[in-house]
Structure formats: C-alpha cells, structure tokens
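> Output the structure for:
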Amino acid sequence: MILLHTSDWHLGHKLYGRQRHQEQSEFLDWLLECIEEQEVDALIVAGDIFDSQSPSNQSLEMYYRFLSRAANSCCRHIIIIGGNHDSPTLLDAPRELLHFLNIHVIGRAPENIEEALLMLNDAEGSPELIVLAVPYLRDKDIRLSEAGESIEDKQDKMLHGIREYYLRLFELAKNKQQELDNKVPLIATGHLFCQGGKTRQGDGVRELYVGSLVQVGLDTFPHDIDYLALGHLHLPQRVAKQTNRRYSGAPLAMSFTEADEEKAVLLIDTDMQFDVRELAVPSFQAIASISGTLESILEEIQTLSQREEDILLEINYQGQSLIDDLQEQIHAAVTNTKLHVLRISNKRIYDHIRQQHSEIKTLEELTPYQVFQQCLDLSGIPDEQRPEMELGFAAALDALQNEEN
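Reported below is the predicted structural model:
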C-alpha cells in the first residue's frame, strides 16, 4: 500500500497581502498528478488545509474541486484532519457526504473517540490499514480547567491529556487488530509541535496557542505505531531522528525566509517496512530575499531581471547611509521587469528613528505575541508577573482564533 503524506496547504494564504490562488491551484494539480503517477492508495492531509477559519469562496472551491478529482483517481482513501488554522465546524459539515466518497474528515476530536479510529479496506474489501486520526487537540478537548492552577499545572495536564488521548485510541486500535486474523498496520496523525522541531522566523507557525505553548516529546506517541504523519511545522523533518515519525512540511513557502528551502510530500510504502521517500515539490512561484547595501541590492535586481521570470521580492536594506528615497530607487530598478517588490525594509531608517526613542514597526511585521510583549514593556510589568499574563494571553488568543461563527 502506498501512502502520500502532506500537510499545511494554507489555502488562502497571502504573502504580504498578495493573493496566492494561482500557485496553490497549481500545487493541487501537481499533487493529483503525483497520486496517479505514484499509484497512491491513501492520501493523508495532516491539518491546516486553510489559512483562515473563514476561507474565501475561491479557497473552498479549490478544496472541493481537488477532493472530487482525487476521489475519482486511483486513490482509494483520503484522510483529512483539522489543524489550528482550520475551522472544525467547516471541515466537519460535509463529513457524512464525503464519507461515501471514502474521504474521511476529522475536523475536531469527536465526542465518541471511536469515531477517530478509521479502518481502511483494500480493493477487495479486506482491512489493510488502521488509522488513529487525531486532529489538532484543543484545550477543551483533553483537559478541564481548575481554579488556582499554576502555569506548570496547566502545562502538565495538557501534556498528560495529549498522551492519554493517543493511548486510549491506540488501545482501541490494538483491540481491532486482535479481532483480525492478519496483523493490520497502524498509523497515526497529529497536528502539534514536537520537542526539537525546526521552524523559520516569519514562517507563520503560531507561537502562542495550545499546541506550541506545550511542546510534546516522542514518548507522547505509542511506540508500536508504524508511521506518524504530523502537521503544523512548515519544514519537512523527522521527529527525534526517527525515520517513521515525520512532518511533511508546507508545500509552499510561507515566508521569504523559506525562499531557499526545499519543499516535499512524503511517500510511504507499507509493504516495504514503511520505507519513506521524499518527493520534491516544484516551485510554482519564484521568491527571493535581497539584503545588503543599495549598490549590492541594485546589482542583484539586475541579475534577477535577466532571468525573465516572475519573481516576488523582499528587500532588506542594511547599508550605513541614510537613504530617504530608497523605495523610489528600488521601484525604478524593477520597472519594465518581471520582478515584483512586496516589501522593503530600511533598517538604517529604523535604527535612526529608534535612536530618537520611537518604534516604527508596522503591525504586519509583528506577531500578536510581539505586540503583547511591547505592551508589557511599555507598561513596565515586572518579569516575575509576566508568565501568568503570557499564559492568559495565549488562552485568549487561542479562543479568538478558534471561535466559531
């Protein structure tokens, strides 16, 4: 059986306000081609299908068009779990209908945990795979809040709750295995932040929400799981160097810091002891980040313009001279080229104004957590009072991001 593991599509994601529908659509077309070429039997999408809990009509259209085409391909099963960016209600709404197409959607942790245990059959109707379909686990899914809890108590209960959820589901899966004559393999999904996971600055991985406030260890997951398909981190990577515990990573760059990162989806052969192979995702939109003096920036713009390719640019001026017309010179340099400047950062201007006791970072350059930190700094909040306030802010932000309309 061939599995394809992907995650973090973030349909509807914008890069500094620029829509990305075209490259997102091209990725989904490419993924369908991969499914056919690699004769994929089951597709696993490990969360963050959408970038927002209120996706646009165009994003929804891309999603459902992909599902309808995938359901008519060689792929017998599609497993989709909700991520922290997704609306559980939106994903689960057509769940019963999609089930008839062998599309299994778990947007939120179901009240009946047995519903998160999926038995996939082969073309002859015989069981061939058991899936512990665990979505992004919200605080309310796995623990009860109690008055007077310390930060450590809350984090310990969260870790315990996540571990217990996987253990309960694993025990149900083992019981299913024992009912069968042959040993059907077990795989599990998840959308969380594992200890030691790698991220990139500005890649959009949320810093303050339940899944990253508590980073889980490898011991969270039962040892006998044959493969662990994870989402949330945007770089493809192994968990604790384990070959069968993986993040597939986001298929598209989420920020300019990922401009040179190789993107991938993962192919898993269950008949070859769960051998994992990375399949490189092509670039559907070139992006580049240029840093340096004005002279070096203009030289790099000239070099890139000769490629006759549409390229999105981020410019970081790091020269010592104060250049008031920096933007005008850069925009003049890209005129009549296929280069598109999305952001210009003038570090020299920032430093100059900061020396005059003024902060000028725009909101789009700051995460909610950074804004909150600046509020604490400006209010003179003592260090010993900050952890409790940061935890409260994390809970409020998570509730806001996950609020259902």
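> all contacts plus neighbour counts: C-alpha atoms, from now on.
Fine.
> measure stretch 1-11 end to end?
28 Å (CA to CA, to the nearest Å).
> residue ranges with poor pLDDT in the stretch 101-250 of the chain?
For the stretch 101-250 of the chain, applying pLDDT under 70 flags the ranges 143-149, 151, 181-182, 202-214.
> now the helices: where do they sit in it?
Secondary structure of the stretch 101-250 of the chain (DSSP state H, counting those that start in this stretch): helices located at 139-142, 151-179, 210-213.
> what's the most buried one of those helices?
helix 210-213 (a mean of 21; mean count of other CA atoms under 10 Å).
> give the contact list for residue 189.
Applying CA atoms under 8 Å, 6 or more residues apart in numbering to residue 189 gives the contacts 46, 81, 131, 132, 133, 134, 135, 228, 229, 230.
> contacting residues for the second one?
Spelled out, that is residue 81. 45, 46, 47, 105, 106, 107, 108, 133, 134, 135, 136, 189.
> Same question for the fifth one.
Applying CA under 8 Å, 6+ apart to residue 133 gives the contacts 79, 81, 106, 116, 117, 118, 188, 189, 190.
> Export the helices of the stretch 101-250 of the chain as a markdown table, with columns for distance to residue 39.
Output for the helices of the stretch 101-250 of the chain, formatted as a markdown table (distance: least, CA to CA, whole Å):
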| stretch | distance to residue 39 |
| --- | --- |
| helix 139-142 | 36 |
| helix 151-179 | 26 |
| helix 210-213 | 34 |
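> what about residue 61, which SS state?
On the three-state scheme (DSSP: H, G, I helix; E, B strand; the rest coil), residue 61 is labelled helix.
> a strand runs through residue 9, doesn't it?
No: judged by three-state DSSP, residue 9 forms no part of a strand; its state is coil.
> Tell me, how many residues neighbour it?
Neighbours of residue 9 under the rule other CA atoms under 10 Å: 24.
> domains for this structure, by residue range?
The chain breaks down by automatic domain parsing into domains covering 2-280, 285-360.
> Output those in TSV; the columns should cover distance to residue 382.
As requested, the domains of the chain are exported to TSV (distance: least, CA to CA, whole Å):
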stretch	distance to residue 382
domain 2-280	17
domain 285-360	21
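> Select, out of those, the one closest to residue 397.
Closest to residue 397 of those, according to CA to CA: domain 2-280, at 7.0 Å.
> distance between the ends of that closest one?
Across domain 2-280, first to last residue, CA to CA, it's 17 Å.
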